[in-house]
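J.: whatever this is, show me its structure:
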Amino acid sequence: MDIVIRRAAPAEYRTVGEITAQAYLQDGLLDFGESDGYLRELRDVAKRAAAAEVLVAVAGEELLGGVTFVPSGGPMADIAGPGEAEIRMLAVDRTARGRGAGEALVRACADRAREVPGCVRLVLSTQRSMHSAHRIYERLGFVRTPARDWNPLPEVDDITLLAYELTL
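T.: Numbers count the residues shown, from 1 in each chain. Here you go, the predicted structure:
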């Protein structure tokens, strides 16, 4: 079945938020499990959709995953600067992995970035352990940019996020 990428509908926000939260929890990407404050951010799709574009991957009636596309900076941007768009919170339901949804979401973000006037780069941050995601990014032409690596929690030494960028 074909995967379709489109904007998330408000009725899907809860499902997208739970897919995102569970993906991060099940992959061990949250330091404090259910008590991690970032978990609230992952689940709050309505907040993200008010400040950026939340895209979903669907196959028929099945919601496979989602991503937040941040055009031209804005309140949802972590590392995007002038002339850059950013990918945030990419997640695919564990049962849907390996079907191409993650790659389709990243491709959609790249296509969307190319439509943003003045956008010359698409950037993202990822955790060291997200090896499957790294392979998708590299296959699609993203390159590591270590000079942009950063730590969202400076008080915790071992949380350095790796930066990637795609020149459009």
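J.: list the buried ones in the lowest-mean-pLDDT helix or strand in the chain?
T.: For the chain, scoring each helix and strand by mean pLDDT, DSSP states H and E identifies helix 38-43 as the least confident one, at a mean of 88. For helix 38-43, burial by neighbour count (16 or more other C-beta atoms under 10 Å) applies to Y38, L39, E41, L42, R43. Bear in mind the C-beta positions are built from the backbone N, C-alpha and C, glycine included.
J.: by contact count, what packs against that helix?
T.: Helices and strands touching helix 38-43, by 3 or more C-beta pairs under 8 Å, 6 or more residues apart in numbering; DSSP states H and E, are helix 13-26.
J.: which residues does the helix it packs on contact?
T.: The contact list for helix 13-26 (C-beta atoms under 8 Å, 6 or more residues apart in numbering) reads 8, 29-30, 33-34, 38-39, 42-46, 49, 54, 56, 63, 65-66, 89, 91-94.
J.: and the buried ones among those, selectable in ChimeraX?
T.: Here is the ChimeraX command that selects the buried residues among these (16+ other C-beta under 10 Å):
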select :8,29,30,38,39,42,43,45,49,54,56,63,65,66,89,91,92,93
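J.: sort out for me which of the contacts of helix 13-26 are in helices.
T.: Of the contacts of helix 13-26, the ones assigned to helices by DSSP state H are Y38, L39, L42, R43, V45, A46, A49.
J.: contacts only, for the last one.
T.: This means A49. With contact taken as C-beta under 8 Å, 6+ apart, A49 is in contact with A8, P10, Y13.
J.: the second one: what's it in contact with?
T.: When the contact criterion is C-beta under 8 Å, 6+ apart, the partners of P10 are A46, A49.
J.: tell me the pLDDT of A101.
T.: pLDDT recorded at A101 is 97.
J.: repeat for D157
T.: pLDDT for D157: 60.
J.: how about S35?
T.: Here, the pLDDT recorded for S35 equals 50.
J.: quick check: beta-bridge partners of the closest residue to V16 other than its chain neighbours?
T.: Counting by C-beta to C-beta, 6 or more residues apart in numbering, G66 is the residue found nearest to V16 once chain neighbours are left out, at 4.2 Å. Beta-bridge partners of G66, counted by DSSP bridges, are V56, A91.
J.: isn't G66 right up against E53?
T.: No - judged on C-beta atoms under 8 Å, G66 makes no contact with E53 at a distance of 10.5 Å.
J.: show me how far stretch 57-77 is from its chain's centre.
T.: 7 Å (C-alpha atoms, centre = their mean, to the nearest Å).
J.: same thing with stretch 122-134?
T.: 9 Å.
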